[in-house]
Structures are given as C-alpha cells and as structure tokens.
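Trainee: what's the 3D shape of this:
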Amino acid sequence: MDLDEEVQKELNKTSTKKLRFFEAFGSLVICAAIILVVISGGVLWREAREWNPLGDYPIQIVTTEEVIIEPVQNSGRNSQIGLPVIYLDQTANSTGIKCVKPEEGQVTIRGDLSWVSDEPPGKFIKIIENVSSTRGPGCINYEFKNEVPPQVKAEIKKLTAAGINQSTWHLTGHEVPIRDDGTEGEGRTWQTTSFVVLHSEAP
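Mentor: From the prediction side, this is the model:
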C-alpha cells in the first residue's frame, strides 16, 4: 500500500467518526427538543387547569306540590316513598346556587345538562350540550323549571309499554370556565335531588 492510499484510508476513518459524532449529536438535539415541547405543553395545560374561578355548586333541591306517599303498583321499588313527584306535563322545579369567586371578573362558562334515570337505572340522556353564558363575580340563586324533554318522554313511553308506570330521575350537568383564548379552567359538576315522574298527564 503506497502513501496516498494510507492517507486516504485515515481520512475515511476520520470522516466516519465525524459523521457518527454529528448523528449522535443530532439525535440528542432532537430528544432535547421533544422533551422541551412536552414540558412546555404540560406547564401550559397545568396553568390552564389551575385557573379555578368557579365556586362550589351545592346540590340542587327539587320541589313539587306532591310527594310519593306509597309505592304505586309496578313502580319497582319502595325507595321512591318521600320523593317529590310530577306528571309528564308538569315541571320539576329546582333551586341552585352558582358562584364566581369575588376576585374574578366576567367569566365565560360552557355547560351541558342531562337527565339520569335512578329507577329503573341505566339511562343517561343529554339534553343540552356546549351552551355558553357569561357570569360575573358573586353568587346567584337560580330557580329552574325543568320540563320533561321529548327525549325523556320517548324513554318513558318504552317503560310504560313494559308495564312500568313511574320512574325516578335526577338532573346533572357540568360547567367549565373558558378563557379568551379558548383554554379551559377547572370545571364544576352539579346535580339535583331525585324525583319521580308518573307516566301520565295530570288529571
């Protein structure tokens, strides 16, 4: 092997070592960038979730003119005794307190509402979804008149056909504060006490 071949061989070895070094260095840079993105995303997510402008939501009490005083035939369970009761064409009236913390300004809130069956169990029917409103600091005592919605009446019709003439329900929902940039803060879940729906219209 002459001198030129020896020099070329050494140059090739040096080039290979440099290439491997740059490949390893490049991999480290990419890994560091990925880690930085993940950490930054986690920080931003945590800061968004730590924004907690809403107060606690006490359980909403449903009130009606009548209560169940004895189990109706084929009603399913005696646990319905003492619960407020409505007919299909009446409303389940409820009161609920919702608060925004005093140090906050006007807060945009996005919420939903669902009817949930207690007896017979197993039905979760979403009635309202992604409805937005604005609420200022302080507490407001709301009064709600909850009509039996068509989706629930359709389910009740099936129960009636199966020989069940009353059912027990409660309402629930979730509200989330929204920043101006669209990120979400800590949400609150609310629900009402249970009530009985008789599967007929008021006499």
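Trainee: Any idea how far apart the tips of stretch 109-129 sit?
Mentor: 12 Å (Cα to Cα, to the nearest Å).
Trainee: can you give me the mean pLDDT across it?
Mentor: For stretch 109-129, mean pLDDT rounds to 96.
Trainee: what does stretch 89-102 give?
Mentor: Rounded mean pLDDT across stretch 89-102 is 94.
Trainee: Quick check: next helix or strand after the least confident helix or strand in the chain by mean pLDDT?
Mentor: None of the helices or strands of the chain scores lower by mean pLDDT, DSSP states H and E than helix 3-50, at a mean of 55. Downstream of helix 3-50, the next assigned helix or strand under DSSP states H and E is strand 61-63.
Trainee: Which positions in the helix or strand hosting Lys157 come out as buried?
Mentor: Using DSSP H and E, Lys157 maps to helix 150-161. Using 16 or more other Cβ atoms under 10 Å as the test for burial, helix 150-161 gives Val152, Glu155, Ile156, Leu159. To be clear about C-beta, it is placed using only N, CA and C from the backbone, and glycine gets the same treatment.
Trainee: Could you single out the nearest of the residues you listed to Gln106?
Mentor: Val152 (33.3 Å; Cβ to Cβ).
Trainee: what about the nearest residue to that closest one once chain neighbours are set aside, distance to Gly122?
Mentor: Excluding its sequence neighbours, the residue lying closest to Val152 (Cβ to Cβ, 6 or more residues apart in numbering) is Trp115, at 5.0 Å. Distance, Trp115 to Gly122, using Cβ to Cβ, to the nearest Å: 12 Å.
Trainee: before we move on, what about Gly55?
Mentor: Counting by Cβ to Cβ, the gap from Gly55 to Gly122 is 32 Å.
Trainee: and what of Thr193?
Mentor: For Thr193 relative to Gly122 (Cβ to Cβ), the value is 19 Å.
Trainee: go on, Ala162?
Mentor: 13 Å.
Trainee: again, but for Leu113
Mentor: 19 Å.
Trainee: Which one's more surrounded, these two?
Mentor: Leu113 (19 against 8; other Cβ atoms under 10 Å).
Trainee: The host helix or strand of that one packs against which elements?
Mentor: In this structure, Leu113 sits in strand 107-119 according to DSSP H and E. Under the contact criterion of 3 or more Cβ pairs under 8 Å, 6 or more residues apart in numbering; DSSP states H and E, strand 107-119 touches strand 121-135, helix 150-161, strand 166-178.
Trainee: average pLDDT for the helix or strand following the longest one?
Mentor: On the C-terminal side of strand 121-135, the nearest following helix or strand under DSSP H and E is strand 138-147. Strand 138-147 shows a mean pLDDT of 94 in the predicted model.
Trainee: Now strand 138-147: buried residues?
Mentor: Asn146.
Trainee: List the contacts of that strand.
Mentor: 55, 60, 91-100, 102, 171, 192 (Cβ atoms under 8 Å, 6 or more residues apart in numbering).
Trainee: Thank you, goodbye.
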